[in-house]
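Trainee: What follows is a predicted protein model with its sequence.
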Amino acid sequence: KRDYLLECYNLIINSDKKILNLQLPCGTGKSYIMLYTILETLKENTEDKFIIFCPWKNLAKQFKRLFKKFKLKISFIGDGKHTIKKNTNIVICINQSVDHIKNIEFKYKFIDEAHHLENKDSKLKPKFDKIKAEKEINFSATFHDKDNLDYKYPMDKAIEKKYISDYKLHIEYFTKGNKLESLVNLIKNNMDWTPIFIYFNNVQRCIDFSELLEENDISSDYLIGD
């Protein structure tokens, strides 16, 4: 029962607004806010139904694993599964499977990573809007529209309270020469940063750089789509 969890819960149940936008940093446990809200609401009415939308299969399965610990009746929609079981309390749905949600009225409609639906040209958002719910609660760490936030928990406060880890930013500029070789030298001179995870936007550059590290006696491997 962290302070922000209770603040969000009280906002959700007491607000007169039909749509709420809640912004909290990554790692603060937005799924636990949803869980707590659902558990408390079910104490008042065991017949209430809830739906949680999230954009990725793995994220949806994380929700399912968490909620199953509390013996809630769950239907998972997506990844080839399209059946909502009888007496379901919670529907966990991958965004792209929204078409399979029909003729159900929900108490609360939770949308995780809701910034993905802020684009006015979104083809999914109109489908989400058709799903009936008493309230829609949007969660994200990075809303694009900062003017319509109903709740914002600052990252610096989350770090101060030790809810999430502090971090440092090192910004490096390579102004001349071979950038990959410069990056190798940067790693060589900062081995205390290891282990390091390095992103490339090109598969071949990823492979080439891993091999370049090995040539410089730095243990490396690469991970690509194959």
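Mentor: Okay, I see it. This one's a predicted model, so the numbers in the text were calculated from it and none came from an experiment. Numbering: from 1, shown residues only.

Trainee: which SS state does residue 92 fall under?
Mentor: Under DSSP: H, G, I helix; E, B strand; the rest coil, the three-state class of residue 92 is strand.

Trainee: Wait, it touches residue 73, no?
Mentor: No: Residue 92 lies out of contact with residue 73 (Cβ atoms under 8 Å); the separation is 11.5 Å. (C-beta placed from N, C-alpha, C; glycine too.)

Trainee: Show me which of those two is the more surrounded one.
Mentor: The neighbour comparison of residue 92 against residue 73 (other Cβ atoms under 10 Å) goes to residue 92, with 24 against 13.

Trainee: how near is that one to residue 178?
Mentor: Residue 92 sits at a distance of 48 Å from residue 178 (criterion: Cβ to Cβ, to the nearest Å).

Trainee: Likewise for residue 166?
Mentor: With Cβ to Cβ as the criterion, residue 166 and residue 178 are 34 Å apart.

Trainee: chain center to stretch 44-62: distance?
Mentor: Stretch 44-62 sits 13 Å away from the centroid of its parent chain (Cα atoms, centre = their mean, to the nearest Å).

Trainee: Spatially nearest residue to residue 225, not counting backbone neighbours?
Mentor: Excluding the flanking residues, the one nearest residue 225 by Cβ to Cβ, 6 or more residues apart in numbering is residue 203, at 7.4 Å.

Trainee: Check this structure for me, the residue farthest from its geometric middle.
Mentor: residue 177 (38.7 Å; Cα atoms, centre = their mean).

Trainee: Report the secondary structure state of that residue.
Mentor: Assignment for residue 177 (three-state DSSP): coil.

Trainee: Residue 170 now?
Mentor: coil.

Trainee: Look at it and say how many residues are nearby.
Mentor: Residues lying near residue 170 (other Cβ under 10 Å) number 7.

Trainee: And the pLDDT at it?
Mentor: What the model reports as pLDDT for residue 170 is 89.

Trainee: now swap in the one 4 residues further on and tell me
Mentor: In the prediction, the pLDDT value recorded for residue 174 is 91.

Trainee: quick one, what contacts it?
Mentor: 182-183 (Cβ atoms under 8 Å, 6 or more residues apart in numbering).

Trainee: That one belongs to a helix, doesn't it?
Mentor: No: applying three-state DSSP, one finds residue 174 to be coil, outside a helix.

Trainee: where does residue 55 land on pLDDT?
Mentor: pLDDT, residue 55: 94.

Trainee: State the distance from residue 8 to residue 174.
Mentor: Taken as Cβ to Cβ, the span from residue 8 to residue 174 is 43 Å.

Trainee: sorry, that was for residue 93
Mentor: Per Cβ to Cβ, residue 93 is found 44 Å from residue 174.

Trainee: swap in residue 23?
Mentor: 34 Å.
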